[in-house]
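[1] below are the sequence and a predicted model; questions follow.
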Amino acid sequence: MITIENIHKSFGKIRVLKGIDLDIPKGSAVAILGPNGSGKTTLMKSLLGMVVPDQGRILLNNTTIDRGWKYRNGIDYLPQIANFPNNLKVSELLKMIKDIRGAKTDKETYYIDLFSLHPFLNKKLGTLSGGTKQKVNLVLAFMFDSPILILDEPTSGLDPISLLVLKDIILGEKKKGKTLLISSHIMNFVEKVCDTILFIWEGTIYFNGSITDLKKNTKKDDFEHAIAHLLKSAHD
Amino acid sequence: MISAWTAHSKTIEVCTTCKFQKIGDALASASANDTILIKKGVYKEFNLSIDKPLTVIGENYPIIDGTLKGEIIRITADHVTLDGLFIINVGTSYTEDFSAVRVVRSEYFVIKNLVLEKLFFGIYLEKSSHGRVFHNKIIGDAEEEFNSGNGIQLWYSHHIEVDQNIITHVRDGIYLEFADHCTITNNISRDNVRYGLHFMFSNDDLYEDNTFEKNGAGVAVMFSKNIEMYHNTFQGNWGTASYGLLLKEINDSKIKGNIFKENTIGINIEGSNRVSYTYNTFEKNGWAIKSRGACYTNIFSENNFLYNTFDLSYNGKLNDNSFNDNYWSDYNGYDLNKDGVGDVPHKPVKLFSYVANRTPEAIILLRSLFIDLIDFSEKVSPVFTPDNLEDASPKMKRIAHDHY
Amino acid sequence: MIKILKYSFFDLMRSRWSYVYFAFYLLLGFVLLFLNTDVSKAVITLMNVVIILVPLMGTLFGVMYYYNSKEFIELLLAQPIKRTSIFIGQYLGVATSLTFSLIVGLGIPFLVYGIFKSDAILDFSLLLVTGGFLTFIFTAISFYIGLSNENKIKGFGYAIVFWLFMAVIYDGLFLISLIVFEAYPLDTFSLFASLANPIDLSRILILLKLDISALMGYTGAIFQKFFGTQWGVVIAMGVLLLWVIVPVFLIRRKALKKDF
């Protein structure tokens, strides 16, 4: 479904991605892991065309995305930091994004119920807490029901209950056969929802395989320990 | 003496039913000191010659129509009076200055209450003197300089009084060339193609209480001395080459109590010496005074400079000209001892005016922020403008000019 | 793009700053006309405002709006919308709302005082047209500056310096070169030099329409001869338009390359 070929990207002198090759089949749930600054977000943004790679290409269903924009109709994206125009109300934001996308969906009500966002609908986004903003962010990401979901740190700022809700939603989406790309630092969460692990280290893929493979390779039974081991061995 | 004359003189009437139906015939048969009374009617005549002392009076403005053939009336005798005629259709020529009324080598004439229309030259005084041109109305239809004539022209004539005339739409309203000891008073000269009033080589003249408005170039006084200009109004001469008053090579003259309002340049001065400019008001002109070098011993005092774009443009050295005791609306000094005189001197030359004088193209930066900034900084600490060009005792209040 | 434009426009029209900007022009218009019922005189005073303040406001609003709407832009970038539509739409949103404030803010007082019955209607329209152009020009340039500088402080700095250059420094250099080369014929040079700066061009276009142009004498006559003809007006408008198109093109180019 998604093919990434030899992607390179530098910001100024810093080389963030140094040749990423990747094939993500349809219906897989991939966790993108790696230390801070390893290039996870950059990779995700490359898929969305928000970052333009210096080299290499990205194919979606066998067509290169190459600065197009229509393909984004098939992708839902949850940005890492929820930055919204501060003087818009929540309901206005949802309406506006729907209008701009020209999408006729009413799924948002379902998610608003799920995250209990009703009391905040008429509040300005600038006044919301980080957690509430993240919920709005999640509603925006899920409401269009696209076949590919890219979630950058979906768990950040969420309370335990919402975290459970989110987990259920993601598992549900996975069941529908959607392709998922998730970055997270909560290993427990990753282990529950993802089947493939993509470990990025200094701009290259350090590990790409299933959780079982990872455990086998690192000879650790515990997922969290396996990741820690991976990290340590990368440093050596 | 005069009653003795009238006792012997007779009155000749001219009208369609009279003995004389043509003015020319009446003039020919009249004898000296007669009165010719022209009744209302239209008389198609030209080249009328008055060669003896006569009084020619029109009753209810008879029309003398020159039918564009040439000169209409020529006076070649002393003591002639023309009164109350409506003269139209003077011929136009490029070789001869045809005029409605021409006075040649005569004295003691009076030309009054005439109305002149469709003319080339209006009243032309040639080598004549001691005459009076009073209360005439001259309405031309001139559009260009080269094919139009002047309203009232004085050439080698002296001791002439030009009073209460209205002159419009001719080339020069009033033109004096080699005309000395004349007085030009209470006239209105406006909308003329070139000058409202034009002086050349004429000395010891006075002009007072005239209004010069919206003339092509304004008023020009050139190559003359001992001219007195009092209480005239120069207004609305607005155009790229227009000014209220042009002084060129004028010496020993007085310019007092005049109003210069809304002219591109109030007074444009070139090479004039010992002229005093006092009690004048300069209001809303582009430049109130533009002085272009070679001027000595001129005094500018007790004038009001009100809201001109530039009060003064000055070329060259200050020499011994002085600019004290004026009121400047631009002055922003203070008067701590309340004596009505500002405690800090006023610098009337803006830096931009100085620059634009040197480099005329710079005027294109008029009203830009940069220019406002440099003018302001120059005002605070002068670097470029002549230091000594200042009003050491600027007035705090507008000077009342009613009594001068 | 139209949708983005619409949202930016209404977003701005609701902001406090737009009200202040609008109210400023409204007040200025009324005060000027109240103090001086002569419409054509008011046009002269307004000219000073238009050629200094309008570019400054365009610059400030443009760069400020860009930085303030970065979140919005990032949100939109993940949506199926053309990149250029986002940026050009946002730019047009700011520029249109500023122009709207200018034209309506000044238009109302002048309408009340009967501009349509006055001879000054053409001068006034020219004032608004050049004001609109200046808004679009300076907003575009400052938007571009914002787009090119991640650092807000730097972006603001460059934008202000650019305004300062066009509004003040340029004329200083212009004047210096006139003085230095005063021995040469400078008509063509000054014509081109003033065509090259939209602020100077606007100022001269307005001045030439006013009585005050008589002060410009011979030089003014040359400019009048150039701008007085239909071709001159077409060229002047073309240059102003070019000043809009070039920065917009730069915004487009930058927008296509930039990473978020």
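    Structure's in. What do you need?
[2] pull the number of nearby residues for the residue of the stretch 201-350 of chain B found nearest chain A.
    Going by CB to the nearest CB, chain A is nearest to B:Asn332 of the stretch 201-350 of chain B, at 45.2 Å. All C-beta spots, glycine's among them, are computed from the backbone N, C-alpha and C. Neighbours of B:Asn332 under the rule other CB atoms under 10 Å in any protein chain shown: 10.
[3] assumed it was part of a helix.
    No: according to DSSP: H, G, I helix; E, B strand; the rest coil, B:Asn332 belongs to no helix; its state is coil.
[4] now do it against A:Lys135, distance only.
    63 Å (CB to CB, to the nearest Å).
[5] repeat for C:Lys209
    59 Å.
[6] between those two, tell me which one has more neighbours.
    Set C:Lys209 next to A:Lys135 and count neighbours by other CB under 10 Å: A:Lys135 wins out with 27 against 22.
[7] the closest residue to that one other than its chain neighbours and B:Thr55, how far apart?
    Nearest residue to A:Lys135, sequence neighbours excluded (CB to CB, 6 or more residues apart in numbering or on different chains): A:Phe115, at 4.2 Å. In this view, A:Phe115 and B:Thr55 are 115 Å apart by CB to CB.
[8] pick out the residue of chain A closest to chain C.
    Closest point on chain A to chain C, by CB to the nearest CB, is A:Asn83, at 3.2 Å.
[9] which parts of the stretch 1-150 of chain C are helices?
    C:2-13, C:16-35, C:39-68, C:70-77, C:83-112, C:121-148 (DSSP state H, counting those that start in this stretch).
[10] to clarify, my last question referred to chain A.
    A:40-48, A:90-101, A:107-114, A:130-142, A:160-175, A:187-193, A:211-218, A:223-235 (DSSP state H).
[11] okay, those helices in a markdown table with distance to B:Asn326 and mean pLDDT next?
    Below are the helices of chain A laid out as a markdown table (distance: least, CB to CB, whole Å; pLDDT from 0 to 100):
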| stretch | distance to B:Asn326 | mean pLDDT |
| --- | --- | --- |
| helix A:40-48 | 73 | 88 |
| helix A:90-101 | 66 | 87 |
| helix A:107-114 | 78 | 89 |
| helix A:130-142 | 70 | 90 |
| helix A:160-175 | 82 | 90 |
| helix A:187-193 | 88 | 86 |
| helix A:211-218 | 96 | 86 |
| helix A:223-235 | 87 | 83 |
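[12] what's the closest of these to B:Ile374?
    Smallest distance to B:Ile374 across these (CB to CB): 50.0 Å, for helix A:90-101.
[13] how far does that closest one sit from the chain's center?
    Distance of helix A:90-101 from its chain centroid, counting by CA atoms, centre = their mean, to the nearest Å, is 21 Å.
[14] list the helices and strands that helix packs on?
    helix A:130-142, helix C:2-13 (3 or more CB pairs under 8 Å, 6 or more residues apart in numbering or on different chains; DSSP states H and E).
[15] ok, for the residue in the stretch 151-300 of chain B that chain C sits nearest to, nearest residue in space, not its chain neighbours?
    Scanning the stretch 151-300 of chain B for proximity to chain C using CB to the nearest CB identifies B:Gly286 as nearest, at 4.1 Å. Distance criterion CB to CB, 6+ apart; nearest residue to B:Gly286, sequence neighbours excluded, is C:Leu215 at 4.1 Å.
[16] neighbours of the one you found, how many?
    C:Leu215, neighbours per other CB under 10 Å, totals 22.
[17] thought it was touching B:Thr264?
    Yes: using CB atoms under 8 Å, C:Leu215 is in contact with B:Thr264, at 6.4 Å.
[18] shared neighbours, these two?
    B:286-287 (CB atoms under 8 Å, 6 or more residues apart in numbering or on different chains).
[19] give me every residue in the stretch 151-260 of chain C lying close to chain A.
    C:256-260 (CB under 8 Å from any CB of the partner chain).
[20] picking up where we left off before, could you identify which of the helices of the stretch 1-150 of chain C has the lowest mean pLDDT?
    Among these, helix C:2-13 carries the lowest mean pLDDT, a mean of 80.
[21] hmm, who's touching that helix?
    For helix C:2-13, contacts defined as CB under 8 Å, 6+ apart pick out A:85, A:87-88, A:96, A:99-100, C:18, C:65, C:69, C:76, C:81, C:85-86, C:89-90, C:92-94, C:96-97, C:100.
[22] got the contact list for the closest residue to chain A within the stretch 251-400 of chain B?
    Here the residue of the stretch 251-400 of chain B nearest chain A is B:Leu369; by CB to the nearest CB that distance is 34.0 Å. Contacts for B:Leu369 (CB under 8 Å, 6+ apart) come out as C:51-52, C:167-168, C:171.
[23] how about a cut-off of 10 Å?
    When contacts are counted by CB atoms under 10 Å, 6 or more residues apart in numbering or on different chains, B:Leu369 touches C:48, C:51-52, C:164, C:167-168, C:171, C:199, C:203.
[24] next, residue 157: phi, psi?
    Picked chain A for this. Here is the backbone geometry of A:Gly157 (degrees, to the nearest 10): phi 80, psi 0.
[25] how many neighbours does residue 30 have?
    Picked chain A for this. Neighbourhood size, A:Val30 [other CB under 10 Å]: 21.
[26] please go with chain C instead
    Neighbour count of C:Phe30, defined by other CB under 10 Å: 16.
[27] and for B:Thr16?
    10.
[28] which residue, other than its chain neighbours, is closest to B:Thr168?
    Counting by CB to CB, 6+ apart, the residue nearest B:Thr168 is B:Asp191, at 4.8 Å.
[29] what residue in the stretch 51-200 of chain B comes nearest to chain A?
    Nearest to chain A in the stretch 51-200 of chain B, going by CB to the nearest CB, is B:Asp191, at a distance of 62.4 Å.
[30] verify the stated contact: that residue with B:Gly173.
    Yes: if you go by CB atoms under 10 Å, B:Asp191 and B:Gly173 touch, sitting 9.1 Å apart.
[31] who has more neighbours out of those two?
    With neighbours defined as other CB under 10 Å, B:Asp191 and B:Gly173 compare such that B:Gly173 has more, 34 against 18.
[32] now that one: closest residue in space that isn't a chain neighbour?
    Closest to B:Gly173 by CB to CB, 6+ apart is B:Ser189, at 3.1 Å.
[33] got the contact list for the helix or strand where the one you found lies?
    Assessed by DSSP states H and E, B:Ser189 sits inside strand B:188-190. Contacting residues not belonging to strand B:188-190 are listed as B:137-138, B:151-152, B:164-170, B:172-174, B:195-198, B:210-215, B:219, B:233, B:235-237 [CB under 10 Å, 6+ apart].
[34] follow-up on the earlier one: and the residue of the stretch 251-400 of chain B closest to chain A, how far is that from C:Ile137?
    On the measure of CB to CB, B:Leu369 and C:Ile137 end up 17 Å apart.
[35] and B:Phe86, how close does it get to chain C?
    Using CB to the nearest CB, to the nearest Å, one gets 37 Å for the distance from B:Phe86 to chain C.
[36] same check, this time on B:Gly342
    26 Å.
[37] ramachandran coordinates for A:Lys104?
    phi -110, psi 90.
[38] tell me which residues touch it, please.
    Applying CB under 10 Å, 6+ apart, the residues near A:Lys104 are A:Lys98.
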